[in-house]
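K.L.:
Pasted the sequence and its predicted model underneath.
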Amino acid sequence: MRLSPRITAQIHSPIGEAFAMVQRRGGKMDLLDLSQAAPSHPCAPEVADHIARVAASPDGGRYCPQEGLPHLREAFAADLTATGIGTVETADVLVTAGCNQAFCLTVSALCDPGDEVVLVVPFYFNHDMWLRLQGFVPRYVDQATAAAIEPVLGPNTRAVVVVSPANPTGHTTSPVDIEAIFDLCASRGVVLMLDETYRSFRPSDEAPHTLHQRPDWRDHLVTLHSFSKEFAIPGYRAGAVVAGPALTTEAMKLLDCVAICAPRIGQEAAWAGLTMADEWRRQQTARVRERQALFEAVMAERPGGFTLQQAGAYFGWVSAPDGAGNTAQVVEQLIVEHDVLTIPGTAFTPTDQRMVRMSFANLAESQIAELGQRLAGFTPRAG
């Protein structure tokens, strides 16, 4: 059969490819899995109890209102408002089946084939992939600053995408830079798409920005959200778009075609997390910060020549040792010889910059120490 060249030209999920390499590993040691940025611990007991009750109820398997369950939208709007960003209304929230879907719906509602979207390198790989699948044109910049973004804005630019904290680097864009990017976008009639999947894992509790205090925010800003990481419910597929009615009305046409509505059970899990598990969420955030400090301490020794360039949220962005082969060879050597599973940085950049992403948040303290020892035993093999 003939398959679409637009599809066949795209990479497969780097996470899936990384797991395929597990079959080739030496297997002498337990696997240290630094691949997926998804919680491996169970959700809060309050969330588990609530979704069990929902699943057993008459409405447990029914469709939801397309824009999402009213009580979840209300609770999430209140949760966002409480962070100090400004006022978010219930009507601004469209619930989606995860943040990936939130991105796809939003950018597809904004763009036609040939339109341009600005991505900060390193980008989240699914963002770049979706743009190419839809015939949109990614334009790359190296920093999430207005100064870096302005030169690439053109007559066909429809959106600027900023992920903060970023996947794969963990970098948190400052409130000053976010607001300057918004001002630039507003002045040029461009939408700022701010992906806040890891919002609970920022390095401080200060407001990430105050854009929702702007009277015109609904004309120039869309924020994208996930409940997966902060409530440990990635498989329940719950996320959200926060935007004005012009965008959400059109996005719902797309949602109707691909999912009709986000799963009820995931929406109820997110609501339970927001209303019953706030202290649990704070404890998980503190735990991840502790893991980051341990990871940074281990990587400060540059074990095996691996050098930590940046860390935050769930991630370490690490450069390969001098004298090693290309990124694919480094990743394969790590898994086959050292039982360390990482994601190649080539999934997040247009060219091979010899970087790997290490998701440290799921490791125990002892495993982080063990990681340093295994990396120290890495002997570069030139490609």
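P.N.:
The structure has been received and is ready for your questions. Residues are numbered from 1 along each chain as shown.
K.L.:
gap between the longest helix along the chain and the chain center?
P.N.:
Ranked by residue count under DSSP state H, the longest helix found in the chain is helix 278-299. Centroid displacement of helix 278-299 relative to its chain, using CA atoms, centre = their mean, to the nearest Å, is 17 Å.
K.L.:
swap in stretch 131-139?
P.N.:
Worked out by CA atoms, centre = their mean, stretch 131-139 lies 19 Å from the chain centre.
K.L.:
how about it as CSV, C-alpha atoms only?
P.N.:
Extracted as CSV, the C-alpha positions of stretch 131-139 are listed here (Å, rounded to 0.1, in the frame of the first residue of the first chain):
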residue,chain,number,x,y,z
LEU,A,131,4.2,20.7,12.9
ARG,A,132,5.8,18.7,10.1
LEU,A,133,3.0,16.2,9.9
GLN,A,134,0.5,19.1,9.3
GLY,A,135,2.6,20.9,6.7
PHE,A,136,3.4,23.7,9.1
VAL,A,137,7.0,25.1,9.0
PRO,A,138,9.1,25.1,12.2
ARG,A,139,11.5,28.0,12.7
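K.L.:
Look up phi and psi at the nearest residue to residue 69 once chain neighbours are set aside.
P.N.:
Distances taken as CB to CB, 6 or more residues apart in numbering place residue 267 nearest to residue 69, at 4.8 Å, with adjacent residues excluded. Just so you know, the C-beta spots here come from the backbone N, C-alpha and C atoms, and that holds for glycine as well. Dihedral pair for residue 267: phi -60, psi -40, per degrees, to the nearest 10.
K.L.:
So, low pLDDT: which residues of the stretch 251-383 of the chain?
P.N.:
Residues of the stretch 251-383 of the chain meeting the criterion pLDDT under 70: 382-383.
K.L.:
who's in contact with residue 231?
P.N.:
Going by CB atoms under 8 Å, 6 or more residues apart in numbering, residue 231 touches 43-44, 47, 269-270, 273, 277, 281.
K.L.:
sorry, back to before: go ahead and name everything in contact with the longest helix of the chain.
P.N.:
Residues from elsewhere that reach helix 278-299 (CB under 8 Å, 6+ apart): 39, 41, 44, 46, 170, 200-201, 203, 230-232, 273, 306-308, 311-314, 316, 318, 358, 360-361, 363, 365, 368-369, 371-372.
K.L.:
in it, what counts as buried?
P.N.:
Neighbour-count burial for helix 278-299, with 16 or more other CB atoms under 10 Å as criterion, is recorded at 280-281, 284-285, 288, 291-292, 294-295, 298-299.
K.L.:
Between these, which sits nearest residue 34?
P.N.:
Within the buried residues of helix 278-299, the smallest distance to residue 34 is 9.5 Å, found for residue 295 (CB to CB).
K.L.:
Could I get the contacting residues of the nearest residue to that closest one once chain neighbours are set aside?
P.N.:
Nearest-residue entry for residue 295: residue 360, 4.2 Å, with adjacent residues in sequence omitted and distances by CB to CB, 6+ apart. Neighbour list for residue 360: 34, 291-292, 295, 311, 314-316, 368, 371 [criterion: CB under 8 Å, 6+ apart].
K.L.:
any idea how far residue 360 is from residue 194?
P.N.:
Distance of residue 360 to residue 194, given as CB to CB, to the nearest Å: 25 Å.
K.L.:
quick one: residue 89 and residue 77 touch, right?
P.N.:
Yes - judged on CB atoms under 8 Å, residue 89 makes contact with residue 77 at a distance of 5.9 Å.
K.L.:
In terms of neighbours, single out the busier of those two.
P.N.:
Taking neighbours as other CB atoms under 10 Å, residue 89 and residue 77 compare with residue 77 leading, 19 against 14.
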